[in-house]
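In: pasting a predicted model and its sequence here:
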Amino acid sequence: MATTKLPQNEDSSSEDDQNWDDWDLQNDAVSDDDDAFDTKMVCLFCDELFDSSDALFEHCSLVHNFDFYGIKKELDLNFYGCFKLINYVRSKVAEHNGWSWGLRKDSYDGINYPWNDDIYLKPYMEEDAVLYSFAEADEAEEDDTLTYDKKELEQELSTFNPLIISDDEDMGNELSKNQRVSGIRAEEVDVGKSNGFHKLDSVGSSQENGTANVGGSCSLYVKHKDEQLTFNSSRSSADAVKKINKNYFDSYSSFSIHREMISDKARTDAYRQAIMGNPSLLKDSVVMDVGCGTGILSLFAAQSGASRVLAVEASERMAGFAKQIAKDNDLLKIESPDQSTNHHTGTMEVVQGMIEELGDSYDIPHHSVDVLISEWMGYCLLYESMLSSVLFARDRWLKPGGAILPDVATMFVAGFGKGGTSIPFWENVYGLNMSCVAKEVVEDAAHFPIVDVLDSREVVTETEVLQSFDLPTMKLEDMDFTAEVELKPILNYSNWISSEPKTTWCYGIVLWFETGFTDRFCKEHPTLLSTSPYAPTTHWCQTILTFKEPIAISSEKPTGDVSGAIGSDACPAVTIHSRISIVRAIKHRSIDISMELTGISSDGQKRNWPAQLFNLL
């Protein structure tokens, strides 16, 4: 994942003159070409292709006697009801090798229609553009009901362009802090070179280890209220998973990425303290290191007196170097030529292969490991993480009651202000106002997660726990979750744009994580590794999700007459209710994020914003 950030200026100027009407006018001026959703749409009943959902549904009505808009209106179907209906029809057509619509409203009681099953929230056909093109424009619903705009959804989904890690030993110097790019269009920011770690090639295409990937697709299917997002693993073909795994582990053959991780002092020191600072845990123990890379964590374990250290690494190249490094440090277990006895100076063994594919081919008895170690965390904790591999190793090789380092992980969320965007930079470029560029860049950022360092002074709300994981007990499906948090303004925030009442603008939310080596296993020296904006910077940075439009928030109840939309300067929100879902995406090792926002005023009135979808690819 390309580490990214919009350019920013530490000198954040006053927001008193903030006028987002100009933003809306500029959005209205977008050309029809920009709004076009150029993916062909397949008829629900035959193989005919269409450029728009209107043309498709007109064909369905005239040729197949399926009046989608009429059915939607007659049955009063909301967004999710329509979503399910389309998948239901496709499944029936496929099941019966052709199928005709013949259902009437009076055939079913209430809302118990045959497509009212959660199974139909999973798209029957991959990359089905129809699913994101049927919402009618300007349909506003009250309170807890989401609103969807047809053109907005089409534009949002058509602009998902994947950014993939690209490995290149000769790419040169790594990106400077203000040149990191994720979802931002390449022409907006000077991408530069990235020392073999992250590279964005062009708008609409990315390079994945030499393989071009054009376009992209949204694979998160938002569900409302108490419905739970789920991951459909059957949709990832074995060949696709195998290819992605190969590219993923090949990317870790680059020394530059290992240098970046090892040079991350907060990361490496936390693991070193947890391993070497708890001799009672490590001495004479059998240790397994999942994804050992250069083997540094395994070397720490061997130095701590472990009786056997199994360093597992999928990259063939890095496994070879890990073995040589262990040998050069007299920590490698070396067998005698006749195999009759073991003559060695160390206890470390390097095992090359994916942990899930080792099976019984290597001498690792089931449930024989005392301590399981892994630096498995990815951006936003779960992107490209090896957590599933750690859980696999836990269930197969860890002894009952055995230790996992780290043993807990927690995700946090908070709102951020204007300085977390590129607006201050573009407002004053050598004394010139280029804020129109800022609005375009920030608008683009509302489609993509941005991974970079956020100045802690730009955090404008209280911090809330988004999700916690307990590695010894969690299940694989716990990686997919939906959480609701209330984001309230920080009472002592120093950059309020007005004093009575204290009001500022929230431009988005920032996510980060902590992993803990708790006293459950590390009794002598518990350790915490934090990627918080309040803590020393790590290579994980933070993950930034930008709102489509900023929301005014206040720490106090407004005085006098309050008028205007909730979240405006005239009627700031006192709380932003956020519903955030993170799930494993259709593409292996990627994650999808959805964000639903409700602004709540001081008198309890509510305003909902359309759901935003983010792909971390």
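Out: Perfect, thanks for sending it.
In: start to end distance for stretch 448-457?
Out: The first residue of stretch 448-457 is 23 Å away from its last residue (C-alpha to C-alpha, to the nearest Å).
In: and that stretch, which residues are buried?
Out: Buried residues in stretch 448-457, defined by neighbour count with 16 or more other C-beta atoms under 10 Å: 448-454, 457. The C-beta positions use only the backbone N, C-alpha and C, and glycine is treated the same way.
In: give me the contacts around stretch 90-101.
Out: 44-45, 64-66, 89, 120, 124-125, 128 (C-beta atoms under 8 Å, 6 or more residues apart in numbering).
In: which of those count as buried?
Out: With neighbours counted by 16+ other C-beta under 10 Å, the contacts of stretch 90-101 contain buried members at 44-45, 64, 66, 89, 120, 124, 128.
In: filter these down to the ones in helices?
Out: 64, 89 (DSSP state H).
In: from the buried ones among the contacts of stretch 90-101, which two are the most distant?
Out: With C-beta to C-beta as the measure, no two of the buried ones among the contacts of stretch 90-101 lie farther apart than His64 and Tyr120, at 18.9 Å.
In: in which helix or strand would I find Ser594?
Out: For Ser594, the host element (DSSP states H and E) is strand 591-600.
In: returning to that earlier point: how about the buried residues of stretch 448-457 in CSV, adding secondary structure and distance to Met288?
Out: Listed next are the buried residues of stretch 448-457 as CSV, based on DSSP: H, G, I helix; E, B strand; the rest coil; distance: C-beta to C-beta, whole Å:
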residue, secondary structure, distance to Met288
Phe448, coil, 36
Pro449, coil, 32
Ile450, strand, 35
Val451, strand, 29
Asp452, strand, 33
Val453, coil, 33
Leu454, coil, 35
Arg457, helix, 42
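In: out of those residues, which comes closest to Asp289?
Out: The nearest member of the buried residues of stretch 448-457 to Asp289, counting by C-beta to C-beta, is Val451 at 25.7 Å.
In: in stretch 434-444, which residues are buried?
Out: Across stretch 434-444, burial judged by 16+ other C-beta under 10 Å covers 435, 437-444.
In: can you show me the helices along the stretch 351-500 of the chain?
Out: According to DSSP state H, counting those that start in this stretch, the stretch 351-500 of the chain carries its helices in the segments 387-397, 423-427, 435-445.
In: partners of the lengthiest strand in the chain in the sheet?
Out: Criterion DSSP state E: the longest strand present in the chain is strand 502-517. Strand 502-517 pairs in its sheet with strand 408-416 (antiparallel), strand 498-499 (antiparallel), strand 527-530 (antiparallel), strand 542-554 (antiparallel), by DSSP bridges.
In: what packs against the helix or strand encompassing Gln324?
Out: Element membership of Gln324, judged by DSSP H and E, is helix 316-328. If you count contacts as 3 or more C-beta pairs under 8 Å, 6 or more residues apart in numbering; DSSP states H and E, helix 316-328 packs onto helix 296-303, strand 308-313, strand 348-352.
In: which of the ones you listed sits most buried?
Out: Most buried of these, by mean neighbour count (mean count of other C-beta atoms under 10 Å): strand 308-313, with a mean of 27.
In: direction included, what does it pair against?
Out: strand 286-290 (parallel), strand 348-352 (parallel).
In: and it, average pLDDT?
Out: Throughout strand 308-313, pLDDT has a mean value of 96.
In: quick one, that strand and helix 316-328 angle?
Out: Interaxial angle, strand 308-313 versus helix 316-328 (axes from the mean of the first three to the mean of the last three C-alpha atoms, to 10 degrees): 150 degrees.
In: contact partners of strand 308-313?
Out: By C-beta under 8 Å, 6+ apart, strand 308-313 touches 286-293, 295, 298, 301-302, 319, 322, 326, 333, 347-353, 355, 358, 364, 369, 393.
In: for this protein, give me the ranges with low pLDDT.
Out: Residues of the chain meeting the criterion pLDDT under 70: 1-39, 102-111, 135-255, 336-344, 360-361, 492-501, 558-562, 588-589, 617.
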